[in-house]
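1. model the following, please.
(one chain, ligands or ions: 1)
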Amino acid sequence: MPTALIWFRRDLRLGDHPALLAAIEAAGPDGTVVPVFVFDDRLYGPSGDPRRAFLLDCLADLHEQTGGALVIRTGDPAQVLPRVVEELGAGSVHVTADAGPYGRQRDAAVERALGEVPFVRTGSPYLVAPGRVVKRDGTPFQVFSPFSRAWREHGWHAPAPRPDDVPWATGVRSDDPPPRPDLDGVRLPPAGEAAGLEAWARFRDERLLGYAAGRNTPGTNGTSRLSAYLKYGCVHPRTLLADLAARDDGGESVRRYTDELAWRDFYADVLWHRPDSARAYLKPELQSMAYDSGPHADELLEAWRTGRTGFPIVDAGMRQMLGEAYVHNRVRMIVASFLVKDLHQEWTVGAKVFMEHLVDGDLASNQHGWQWVAGSGTDASPYYRVFNPITQGKKFDPDGTYVKQWVPELRDLDPKYVHEPWTAPGGVPAGYPEPIVDHAHERQVSLDRYAAVRAR
Ligand code: FAD
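-> Numbers count the residues shown, from 1 in each chain. Coordinates of the predicted model:
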């Protein structure tokens, strides 16, 4: 009986899944499809606990959706998959292409190890597969706006139909998944495809039209909160854009939302062309700038990490990260700028902390989000743009709703003091720290260090 393997990675769903359809077709009307997930320590090991837990929850969901057929194996995929293929006499292995630096190498190794057995890549986690949108001369785009124009012109496929009845193979030996980490109170969103589609439907029907106006206000529920579902492929962005295309009342909000998905594709594209940009500065001169180190710098870093800098919007953001493994986009920019420009740490230090704690931690979006803030990315905020945590707080959280949600020490303050508690008549409330640095001074230090690099 023909058997095809579908190896799930960042595509943990059954709907809108071209690779799954390819596996069903390869198995044919009399064949079976084996759904496999491999715990590979090279990827699972460095994930922080929130991502591990979310992944395990997604796999539990997939197990249920496949009627208990999901096969778990553990080890190096280049050794594990040929063994499964041999055990089952499978005729092909199907995947959604992985564009990440490790994923590409791993897949090439698996393909070699499978020898004659076809390793079939169908689709990608993106609207347009990384590497496809290039300038007329064939070189990659460095700047987002022309990339997004070309990306829209390129277009994307319609969603793939959900298969009615997949002939899952049953009774295949499976390892136990690793134990779910104890998250010590961190609240994660419900995992899996149905939860992702439900989160999308709620956003689409109730909040989408307010997205353009509300996406920068962290104290409101103005964004879609779909990032973890997109990261693990519980939902494909094609599904979202097909819904948006069907709405003609969305205007600016639909355009903005599509733009955010274009940023996601853009960063994956940058990583595709420059796999080293996961660690290396895209503007190398900024690597040679002076950064702080030593015991005092470590203390300041710890204050940032734990949300005790004395700057309310920064602390609220870091505490949101510790509380729900997520941070609002505006606040990601503010806390990242604070680490790089006020505490003079390299962006890689902050990117590592984010990857440890965020449930949506994604190499392309995270590393390039950090490079954007640090001014070292391809299309980055200029280095001399230093976010002021006080004016940013006042502008984007004017009544202090967000700060008060995450920093209980400031809950009783009049909103006019929330972003500068040291100006309150009674001074900084008990239990909340005084500012750990003088923002105006550190801003100048950063600009001087930048000027020194430029003068070289
Ligand atoms: P929405 O505003 O509803 O946007 C919809 C989707 O578009 C998001 O789910 C996401 O997939 C995509 N998107 C939105 N903004 C961006 C962006 N700037 N870059 C790339 N994709 C975007 N996003 C991650 O998914 N993983 C990360 O690890 C990550 N790290 C970041 C680090 C920094 C320093 C910064 C500044 C941004 C980072 N982002 C990251 C991008 C962005 O903050 C999140 O995608 C967004 O906050 C997720 O919330 P949402 O789903 O409600 O977004």
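
2. would you map out the domains in this structure?
-> Following the TED database, the chain resolves into domains at 3-123, 126-158+193-273, 284-455.

3. for the stretch 251-400 of the chain, which residues are neighbours of the ligand?
-> Taking CB under 6 Å from any ligand atom, the part of the stretch 251-400 of the chain that reaches the ligand is made up of 260-261, 263-264, 267, 329, 332-333, 336, 354, 358, 360-362, 365-366, 369-370, 373. For the C-beta atoms, the positions are set from N, CA and C on the backbone; glycine is no exception.

4. regarding this structure, what is its longest strand?
-> Ranked by residue count, the top strand of the chain under DSSP state E comes out as strand 32-39.

5. please identify the buried residues of whatever helix or strand comes next after that one?
-> Beyond strand 32-39 in the direction of the C-terminus, DSSP states H and E gives the next helix or strand as helix 41-44. Using 16 or more other CB atoms under 10 Å as the burial criterion, the residues of helix 41-44 that qualify are residue 43.

6. so what touches helix 41-44?
-> Helix 41-44 is contacted by residues 52, 55, 76, 102, 106, 178 when judged by CB atoms under 8 Å, 6 or more residues apart in numbering.

7. so the fifth one makes contact with residue 80?
-> Which is residue 106. No. Using CB atoms under 8 Å, residue 106 makes no contact with residue 80, being 11.2 Å away.

8. what is the burial count for residue 440?
-> Residue 440 is flanked by 9 other residues according to other CB atoms under 10 Å.

9. helix, strand or coil: sort out it for me.
-> At residue 440 the chain is in helix, as set by DSSP: H, G, I helix; E, B strand; the rest coil.

10. out of the contacts of helix 41-44, which end up buried?
-> Buried by 16+ other CB under 10 Å: 52, 55, 106, out of the contacts of helix 41-44.

11. secondary structure class of the second one, three-state.
-> Per three-state DSSP, the local secondary structure of residue 55 is helix.

12. in contact with it, which residues?
-> Residues near residue 55 by CB under 8 Å, 6+ apart: 12, 44, 47, 232.

13. up against the ligand, what does the stretch 101-250 of the chain have?
-> So far as CB under 6 Å from any ligand atom goes, the stretch 101-250 of the chain lies against the ligand at 215, 223, 224, 225, 226, 227, 230, 231.

14. which intervals of the stretch 201-350 of the chain have sub-threshold pLDDT?
-> The stretch 201-350 of the chain contains no residues with pLDDT under 70.

15. who touches the longest strand of the chain?
-> Outside strand 32-39, the residues that touch it by CB under 8 Å, 6+ apart are 1-9, 20, 23-24, 27, 59, 62, 66, 69-75, 77, 80-81, 84, 88, 90, 166-169, 172, 175, 177-178.

16. what about 6 Å?
-> Residues from elsewhere that reach strand 32-39 (CB atoms under 6 Å, 6 or more residues apart in numbering): 3-8, 23-24, 27, 59, 66, 69-74, 77, 80, 166-169, 172.

17. narrow the residues you listed to those in strands?
-> Within those, residues falling in strands by DSSP E are 3, 4, 5, 6, 7, 71, 72, 73, 74.

18. between those residues, which is nearest the ligand?
-> Proximity of these to the ligand (CB to the nearest ligand atom) peaks at residue 7, which lies at 22.9 Å.

19. and that closest one, how far from residue 334?
-> Note on residue 7: its distance to residue 334, by CB to CB, to the nearest Å, is 39 Å.

20. any idea of the pLDDT on residue 381?
-> In this model, residue 381 is scored at 79, pLDDT.

21. before we move on, back to that, dump the residues of the stretch 101-250 of the chain next to the ligand to CSV, plus neighbour count and secondary structure.
-> Output for those, formatted as CSV (neighbours: other CB atoms under 10 Å; DSSP: H, G, I helix; E, B strand; the rest coil):
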residue, neighbour count, secondary structure
215, 20, coil
223, 20, coil
224, 20, coil
225, 18, coil
226, 22, coil
227, 20, helix
230, 23, helix
231, 23, helix
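
22. and which of the residues you listed is nearest residue 350?
-> Nearest to residue 350 out of these is residue 227 (CB to CB; 17.6 Å).

23. which residues of the stretch 251-400 of the chain fall in helices?
-> 251-273, 295-305, 312-324, 329-337, 347-357, 363-374, 389-396 (DSSP state H, counting those that start in this stretch).

24. tell me which of these approaches residue 425 most closely.
-> Among those, helix 312-324 comes nearest to residue 425, with 16.9 Å by CB to CB.

25. centre of the chain versus that closest one, how much separation?
-> Distance, stretch centre to chain centre, for helix 312-324: 17 Å (CA atoms, centre = their mean, to the nearest Å).

26. equivalent analysis for stretch 37-56, please.
-> Put simply, stretch 37-56 sits 14 Å off its chain's centre (CA atoms, centre = their mean).

27. give me the buried positions along that stretch.
-> Residues of stretch 37-56 classed as buried by neighbour count (16+ other CB under 10 Å): 37-40, 43, 47-56.

28. do stretch 156-174 as well
-> For stretch 156-174, the neighbour count (16+ other CB under 10 Å) marks 156, 159, 160, 163, 166, 167, 168, 169, 172 as buried.

29. and the fourth one, helix, strand or coil?
-> Under three-state DSSP, the three-state class of residue 163 is coil.

30. contacting residues for it?
-> For residue 163, the contact set (CB under 6 Å, 6+ apart) comprises residue 24.

31. do you know how far it is from residue 33?
-> As judged by CB to CB, residue 163 and residue 33 stand 9 Å apart.

32. return the distance of stretch 244-254 from the chain's centre.
-> Worked out by CA atoms, centre = their mean, stretch 244-254 lies 24 Å from the chain centre.

33. CA-only coordinates of it in PDB, if you can.
-> Extracted in PDB, the C-alpha atoms of stretch 244-254 (Å, rounded to 0.1, in the frame of the first residue of the first chain):
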ATOM      1  CA  LEU A 244      -9.300  40.600   3.700                       C
ATOM      2  CA  ALA A 245      -9.700  40.500  -0.100                       C
ATOM      3  CA  ALA A 246     -13.300  39.600   0.400                       C
ATOM      4  CA  ARG A 247     -14.000  42.800   2.400                       C
ATOM      5  CA  ASP A 248     -14.300  46.100   0.600                       C
ATOM      6  CA  ASP A 249     -15.000  48.100   3.800                       C
ATOM      7  CA  GLY A 250     -11.600  47.800   5.300                       C
ATOM      8  CA  GLY A 251      -9.800  50.700   3.700                       C
ATOM      9  CA  GLU A 252      -6.700  51.900   5.500                       C
ATOM     10  CA  SER A 253      -6.900  49.100   8.200                       C
ATOM     11  CA  VAL A 254      -6.800  46.400   5.600                       C
END
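
34. and the residue lying closest to residue 94 once chain neighbours are set aside, what does it touch?
-> Closest residue to residue 94 in three dimensions, ignoring its sequence neighbours and counting by CB to CB, 6 or more residues apart in numbering: residue 23, at 4.0 Å. Counting by CB under 6 Å, 6+ apart, residue 23 touches 4, 6, 33, 94.
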